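Novice: Sequence plus predicted model, see below.
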Amino acid sequence: MYRSQRNDPTTRLKRDLWARLLRSALGTGFEDQEALFLDHTLLSIEAAAIGHAVMGINLAVLTKQPTAILTGQYFRDAGIYNVVEADFFDWIRTAPEGERFLRQVIRRINMFNWAKTEHDVLKVLYESIIDADTRKGAGEYYTPDWLAEGIVQKALTKPLEQRALDPSCGSGTFVYHLAKRVLSAAEDAGWDNRKTLNHLQDHVFGLDIHPVSVLLARITYLLALGERLEGDRDDIWVPVHLGDSIQWHQPADHDENRISINIDGVDLTLASASTVTATLFDVGQVLAFPLSGIDDPGTFDRLVTEITDFAKTYTNLNSKKPSVDSLLSRFSITDEGDHSTLEKTFSVLCIH
């Protein structure tokens, strides 16, 4: 299937972006490692299928539209966000026999009961697909569950009061045991399901620069919630993010009240010619998001997602750009400066 898609421009770009992220994470070149790209594709597909199984979605529903498991639509319909999104590995959606392959994976995943796991099972999945030599060469070592659980018990002494972040969370072993400890304490305290899940989202976080690890950790987070997903609850925003927790470079104009993302598309080595670079956007353009009117990470995630999704509706450069005013009003963005900043960000997203 991949051979039929290898030279497709979109697939090539996805692989190049994947290689760039891994180079940042692991410090070596990945442009020519197609076998690893395929292994990561398989991992992502299986993790996405497991995530849907955790939600208890009927097998028949999944097999009718199998490519939807790679877009996150089922999660959004269920009020669960920041789990599965269209990413580097969804090239299989347009590949010959892609749907048939996805159905096979879904059927095999649904043979198991994923609602009552007791450890980070996706760590085992990762180790079964990525061979030991590759993991060792990349410096990837996983903490045993018994050790992670013991450390969490000693570190999280007040689980209903403390906040915890794993800044290099991998497949989510520590995130899983942190969540389990908070859930157990909330149950002992007599909290209802809604209060418990809302509290957990604001107190346990994960971060990693490895794109596959982040997806696995997000699914692992849902595995920790298990049957609570079917209880009375608000929307869930999984607080596991793709990012570099130890980046050395801090821009001279760093502003704590604003996130600025330079989108110059430099350093994208094309698969066909290692000396050629590609620029995705016009030089000097920035996506800026003010933070002064945003209280928590979940609200920020929702704002970014809704602005991005709204921008996707603007596909005709000759048509009138839609107004973002009503969207910003829903998030109570009333400050004139913040409103202007987000309007400019929206305009950049619309063009690209």
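Specialist: All right, it came through fine.

Novice: low-confidence ranges in this protein?
Specialist: Where the chain drops to pLDDT under 70, the residues are 29, 31-32, 59, 138, 248-254, 263-284, 315-321, 352.

Novice: try 50
Specialist: 265-283 (pLDDT under 50).

Novice: CA atoms of the lengthiest helix in it as CSV?
Specialist: Criterion DSSP state H: the longest helix present in the chain is helix 34-54. Extracted C-alpha coordinates of helix 34-54, given in CSV (Å, rounded to 0.1, in the frame of the first residue of the first chain):
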residue,chain,number,x,y,z
GLU,A,34,10.8,4.2,5.4
ALA,A,35,10.6,0.9,7.4
LEU,A,36,10.4,2.9,10.7
PHE,A,37,7.8,5.2,9.2
LEU,A,38,5.7,2.1,8.3
ASP,A,39,6.1,0.7,11.8
HIS,A,40,5.0,4.0,13.3
THR,A,41,2.0,4.0,10.9
LEU,A,42,1.0,0.6,12.1
LEU,A,43,1.4,1.6,15.8
SER,A,44,-0.8,4.7,15.2
ILE,A,45,-3.5,2.8,13.5
GLU,A,46,-3.6,0.1,16.2
ALA,A,47,-3.5,2.8,19.0
ALA,A,48,-6.4,4.7,17.3
ALA,A,49,-8.5,1.5,17.1
ILE,A,50,-7.8,0.7,20.8
GLY,A,51,-8.9,4.2,21.7
HIS,A,52,-12.2,3.7,20.0
ALA,A,53,-12.6,0.3,21.6
VAL,A,54,-12.1,1.9,25.0
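
Novice: Next up, the contacts around the residue lying closest to Ser292 once chain neighbours are set aside.
Specialist: Distances taken as C-beta to C-beta, 6 or more residues apart in numbering place Asn257 nearest to Ser292, at 4.9 Å, with adjacent residues excluded. Glycine gets a C-beta too; all of them are placed from N, C-alpha and C. Asn257 makes contacts with 290-292, as judged by C-beta atoms under 8 Å, 6 or more residues apart in numbering.

Novice: Considering the residues you listed, which possesses the most neighbours?
Specialist: Counting neighbours by other C-beta atoms under 10 Å, the top entry in those is Pro290, with 21 neighbours.

Novice: ok, so of the contacts of Asn257, who is nearest Val348?
Specialist: Pro290 (14.9 Å; C-beta to C-beta).

Novice: Would you mind measuring from the closest one to Ala68?
Specialist: Going from Pro290 to Ala68 by C-beta to C-beta, to the nearest Å gives 34 Å.

Novice: what's the answer for Ile259, then?
Specialist: For Ile259, the distance to Ala68 (C-beta to C-beta) stands at 30 Å.

Novice: Same drill for these two, tell me which one is more crowded.
Specialist: Using other C-beta under 10 Å, the more surrounded residue of Ile259 and Ala68 is Ala68, with 18 against 14.

Novice: for the helix or strand following the longest helix of the chain, which positions count as buried?
Specialist: Downstream of helix 34-54, the next assigned helix or strand under DSSP states H and E is helix 59-64. Neighbour counts using 16 or more other C-beta atoms under 10 Å place 62-63 of helix 59-64 among the buried residues.

Novice: which helices and strands sit right next to helix 59-64?
Specialist: Here helix 59-64 touches helix 98-109, going by 3 or more C-beta pairs under 8 Å, 6 or more residues apart in numbering; DSSP states H and E.

Novice: which residues sit against the helix it packs on?
Specialist: 1, 45-46, 49-50, 52-53, 59, 62-63, 66-67, 69-70, 92.

Novice: let's see 7 Å
Specialist: With contacts defined as C-beta atoms under 7 Å, 6 or more residues apart in numbering, helix 98-109 is touched by 1, 45-46, 49-50, 53, 59, 62-63, 66-67, 69, 92.

Novice: now stretch 206-213
Specialist: With C-beta under 7 Å, 6+ apart, stretch 206-213 has contacts from 18, 21, 24-25, 40, 43-44, 87-88, 165-172, 175, 214, 217, 239-245.

Novice: Try it again at 6 Å.
Specialist: Outside of stretch 206-213, the residues within contact range by C-beta atoms under 6 Å, 6 or more residues apart in numbering are 21, 24-25, 40, 43, 166-172, 175, 214, 217, 240-241, 243-245.

Novice: what does stretch 50-67 give?
Specialist: With C-beta under 6 Å, 6+ apart as the test, stretch 50-67 has contacts from 69, 74, 78, 83, 93, 99, 102-103, 106, 109-110, 114, 219, 222-223, 229.

Novice: between those, which is closest to Ile130?
Specialist: Ile219 (16.4 Å).

Novice: Give the helix, strand or coil label for the closest one.
Specialist: helix (DSSP: H, G, I helix; E, B strand; the rest coil).

Novice: That one contacts Ala47, correct?
Specialist: Yes: at 4.9 Å, Ile219 counts as touching Ala47 under the criterion of C-beta atoms under 6 Å.

Novice: more crowded one of the two?
Specialist: Counted by other C-beta under 10 Å, Ile219 and Ala47 do not tie: Ile219 has more neighbours, with 30 against 24.

Novice: any idea what sits nearest the more buried one, other than its immediate chain neighbours?
Specialist: Take Ile219 and drop its neighbours on the chain: the residue closest to it by C-beta to C-beta, 6+ apart is Gly51, 4.3 Å away.
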